[in-house]
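Trainee: I would like the atomic coordinates for the input below:
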Amino acid sequence: MATNNEAVVEIAQTAGKFSSSIVLQADNKYIDVKSILGLFTTLVSSHSYELHVHGPDAEEAKKALVEVFAKHNLKVEVVSE
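Mentor: Reported below is the predicted structural model:
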């Protein structure tokens, strides 16, 4: 469980560096990735995630977050709209 806490904090901190809107979709829930509380309740309950990123620095944000998810062995798919 400790690794999950680290993942949550690192994901939220990484997301916070960007001005883009970053939303994680887990099953039918949408969570603001900059919200540590939202991540805590979600990263535990689901196993496959979709990342929706919109904004001026979306490309950099996608790249950074995919790296953090991979580092913590979390599966994420970036959705290109």
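
Trainee: any low-confidence regions in this structure?
Mentor: Scanning the chain for pLDDT under 70 picks out 1-3, 44-46, 81.

Trainee: tell me which stretches of it form strands.
Mentor: Secondary structure of the chain by DSSP state E: the strands cover 21-26, 29-32, 48-54, 75-79.

Trainee: got JSON lines for those, with distance to E6 too?
Mentor: C-betas here are computed from N, CA, C, even on glycine. Shown next, in JSON lines, are these (distance: least, Cβ to Cβ, whole Å):
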{"stretch": "strand 21-26", "distance to E6": "17"}
{"stretch": "strand 29-32", "distance to E6": "18"}
{"stretch": "strand 48-54", "distance to E6": "17"}
{"stretch": "strand 75-79", "distance to E6": "16"}
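
Trainee: give me whichever of these is most buried.
Mentor: strand 21-26 (a mean of 20; mean count of other Cβ atoms under 10 Å).

Trainee: parallel or antiparallel, list what pairs with it.
Mentor: strand 29-32 (antiparallel), strand 48-54 (antiparallel) (DSSP bridges).

Trainee: and the shortest one, how far from the chain's centre?
Mentor: Here the centre of mass of C-alpha atoms in strand 29-32, compared against the chain's by Cα atoms, centre = their mean, to the nearest Å, lies 9 Å away.
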